[in-house]
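**Q** This is a predicted model, with the sequence first.
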Protein chains: 2
Amino acid sequence: MAPRSASKSAVPSDKVGVICRALRRAIIEQALEPGAKLPEDSLGERFGVSRTIARHALGQLAAEGLVELRRNRIAVVATPSWQEARDAFDIRIELERLVVRQLAGKLTKSQVAELNAHVDAEDRARDGSDAVSIRLATEFHILLANMTNSPILVRYVSEVAYRCCLTLSLYSRPHSSECAINEHRAIIAALVKGDEAKVMSLMHSHLDSVASRALVAPAPRRGRDLLDILAPYAEEGDGGRVVKLPKVVRAR
Amino acid sequence: MAPRSASKSAVPSDKVGVICRALRRAIIEQALEPGAKLPEDSLGERFGVSRTIARHALGQLAAEGLVELRRNRIAVVATPSWQEARDAFDIRIELERLVVRQLAGKLTKSQVAELNAHVDAEDRARDGSDAVSIRLATEFHILLANMTNSPILVRYVSEVAYRCCLTLSLYSRPHSSECAINEHRAIIAALVKGDEAKVMSLMHSHLDSVASRALVAPAPRRGRDLLDILAPYAEEGDGGRVVKLPKVVRAR
DNA sequence: ACCCGTCAAACTGCATGCAATTGAGGCGCT
DNA sequence: AGCGCCTCAATTGCATGCAGTTTGACGGGT
């Protein structure tokens, strides 16, 4: 297992990486909604670094499509159009098809165990916040991609998955996680059996059912302070733990 | 024609964008080979900007997989492994399948004209350097992607196409552009006829024929000065023109 | 009451300066 | 001669400072 390889190539030092991961999580858990402002100094202050670093992180996230950068303007969390959302889902289906093709019938015991463990975690999180279960559902797919050992595939699947996640927060009705979890279990089963066609159709209808749960009415909400919102994300743990907060200055 | 939309979201100002585009071109035209060193100050000096900007550009290119960044080390042009190369081609085929699906039978007259014009340009470039024809061949696929009007698809197709290009420079024997051009013409024809299946198989065998032209023997070459190499790339024109060079200091 | 012009605060764009790390060459030792 | 250590130039990591741009708030005019 060498799943950490995906993020290493994109990040110069690692402070940048830390900020990227934190913001990504905050975005996909909808703590930061589409349109939320991300001023460089506030971020830098929050994470205990200078604007230079915050800026660099925003650049990376913009390259991933999670953040929008306009010259001389405050960066904002991306607000994908409905059309872009559909496009992202199309691409995602194609990419996950590739994942399935490589994985069908080739999963090792420990990989199956890992997948099951993840779905169990999803199950356990059903009582918690919607945000966490959405993130876990997304990470299931990324976990699958990781098992292909293809860094490029991992990167692309992660990116579009995050994008789709962002989209759902805009256009979808509240997540009903129950069925997604069952679908995940079915996918694992079919993968183990090596029934490629079955997995394909499962995956397709799974993604489709997620995609089509959509409305066209974006739900507006606004206004908490960035410093407060990001507090739980300042350092990332693997599960959902909140660890250390670097010097919280809380100026101004 | 609105092809500029792809790069806008990823770039804060535009100096960064300029450097990115220049380096991308230098890399895919093999002026900068895999493994070539890219020190921040030399780049900054060459393009008349500070290290800060050069650094930011390198970050973006690293996110695209064209450059490798290691902590406290000089950035180098990426050297994809043979396996990564295969993976990239797999993904590319899948993505271009999407492009074809969206485009088959739906091309407008002016789009067809644009495509033909591009292939004509490829034809004209056959006498010139290999580097240029390789770039043009790659850009044909990007041009197609552009016509889907799906920014996300454009971005991904561009990225993997560039990556594949980089790969070819490592593992492929010298480009024989003749057949590629004919294949491009055939693809246009089938797209116009709306024969989706035909285009698919054409595209598949086209990409496959490119991919399988590969050897496993990387060709070593080394040593020109970065400042000299980048001279023609300092400002990008659309075709192949070399325009203005910002203050060339040529210190040290 | 509403609209528009002006101005100050906020924010980004970019360069530069300083500290920390690397790796390459030189020197001495065996 | 070969091998290892040590020192120093080259280079990155990061913060800060200054200049230009945008925002939005206030006040006067209609």
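**A** Great, that's in hand.
**Q** Every contact and neighbour count from this point should use C-alpha atoms.
**A** OK.
**Q** which residues of the stretch 51-200 of chain A fall in helices?
**A** A:51-64, A:82-103, A:109-124, A:130-146, A:151-171, A:177-193, A:196-212 (DSSP state H, counting those that start in this stretch).
**Q** and the longest one with helix A:151-171, angle?
**A** Using axes from the mean of the first three to the mean of the last three C-alpha atoms, to 10 degrees, the interaxial angle of helix A:82-103 with respect to helix A:151-171 works out to 140 degrees.
**Q** Report the angle between helix A:82-103 and helix A:177-193.
**A** Going by the same axes, to 10 degrees, helix A:82-103 makes 30 degrees with helix A:177-193.
**Q** who's in contact with helix A:82-103?
**A** A:144-145, A:147-148, A:153, A:156-157, A:160-161, A:163-164, A:167, A:171, A:191, A:196, A:199-200, A:203-204, A:207, A:211, A:216, B:91, B:94-95, B:98, B:150-153 (C-alpha atoms under 8 Å, 6 or more residues apart in numbering or on different chains).
**Q** Quick one: mean pLDDT over it.
**A** In this model, helix A:82-103 carries a mean pLDDT of 90.
**Q** For that helix, buried residues please.
**A** A:84-103 (16 or more other C-alpha atoms under 10 Å in any protein chain shown).
**Q** Buried subset of the contacts of helix A:82-103 as a PyMOL selection?
**A** Buried members of the contacts of helix A:82-103, defined by 16+ other C-alpha under 10 Å, are picked up in PyMOL with:
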select buried, (chain A and resi 144+145+147+148+153+156+157+160+161+163+164+167+171+191+196+199+200+203+204+207+211) or (chain B and resi 91+94+95+98+150+151+152+153)
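**Q** Nearest to A:I19, out of the helices of the stretch 51-200 of chain A?
**A** Nearest to A:I19, of all those, is helix A:51-64, at 6.4 Å by C-alpha to C-alpha.
**Q** So is that closest one next to chain B?
**A** Yes - Helix A:51-64 comes into contact with chain B (C-alpha under 8 Å from any C-alpha of the partner chain), by way of A:56, A:59-60, A:62-63.
**Q** can those residues go into CSV with extra columns for pLDDT?
**A** Shown next, in CSV, are the residues of helix A:51-64 next to chain B (pLDDT from 0 to 100):
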residue, pLDDT
A:H56, 96
A:G59, 96
A:Q60, 96
A:A62, 96
A:A63, 95
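**Q** now those residues as TSV including distance to DNA strand D and neighbour count?
**A** Shown next, in TSV, are the residues of helix A:51-64 next to chain B (distance: C-alpha to the nearest atom of the strand, whole Å; neighbours: other C-alpha atoms under 10 Å in any protein chain shown):
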residue	distance to DNA strand D	neighbour count
A:H56	9	26
A:G59	14	27
A:Q60	14	24
A:A62	18	23
A:A63	18	24
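**Q** Report the contact partners of A:V154.
**A** A:6, A:142, A:145-146, A:148.
**Q** Now do it against chain B, distance only.
**A** Distance of A:V154 to chain B, given as C-alpha to the nearest C-alpha, to the nearest Å: 11 Å.
**Q** That residue and A:E96, how far apart?
**A** 10 Å (C-alpha to C-alpha, to the nearest Å).
**Q** Can you tell me which residues in chain A are near chain B?
**A** A:9-13, A:56, A:59-60, A:62-63, A:65, A:68-72, A:84, A:87-88, A:91, A:94-95, A:98, A:150-153.
**Q** Spell out which residues of chain A are next to DNA strand C.
**A** A:38-41, A:51-52, A:70-75 (C-alpha under 7 Å from any atom of the strand).
**Q** Which PyMOL command selects the buried ones in the residues you listed?
**A** Buried residues among those (16+ other C-alpha under 10 Å), as a PyMOL selection:
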select buried, chain A and resi 38+39+40+41+51+75
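**Q** low-scoring stretches of chain A, by residue?
**A** A:1-13, A:172-179, A:198, A:202-203, A:205-232, A:234-252 (pLDDT under 70).
**Q** Name the residue closest to the centre of it, please.
**A** The residue lying closest to the centre of chain A (C-alpha atoms, centre = their mean) is A:Y162, at 3.6 Å.
**Q** ok, so what distance separates that residue from chain B?
**A** 13 Å.
**Q** Check the spacing between that residue and A:T138 real quick.
**A** 7 Å.
**Q** Can you give me the domain boundaries for chain A?
**A** Chain A breaks down by automatic domain parsing into domains covering A:7-79+A:219-233, A:82-212.
**Q** Present those domains as JSON lines; the columns should include distance to B:P34.
**A** Below are the domains of chain A laid out as JSON lines (distance: least, C-alpha to C-alpha, whole Å):
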{"stretch": "domain A:7-79+A:219-233", "distance to B:P34": "15"}
{"stretch": "domain A:82-212", "distance to B:P34": "17"}
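**Q** out of these, which comes closest to B:R185?
**A** Here domain A:82-212 is closest among those (C-alpha to C-alpha), at 26.0 Å.
**Q** ok and the residue in the stretch 151-252 of chain A nearest chain B?
**A** Relative to chain B, the nearest point of the stretch 151-252 of chain A is A:I152 (6.9 Å; C-alpha to the nearest C-alpha).
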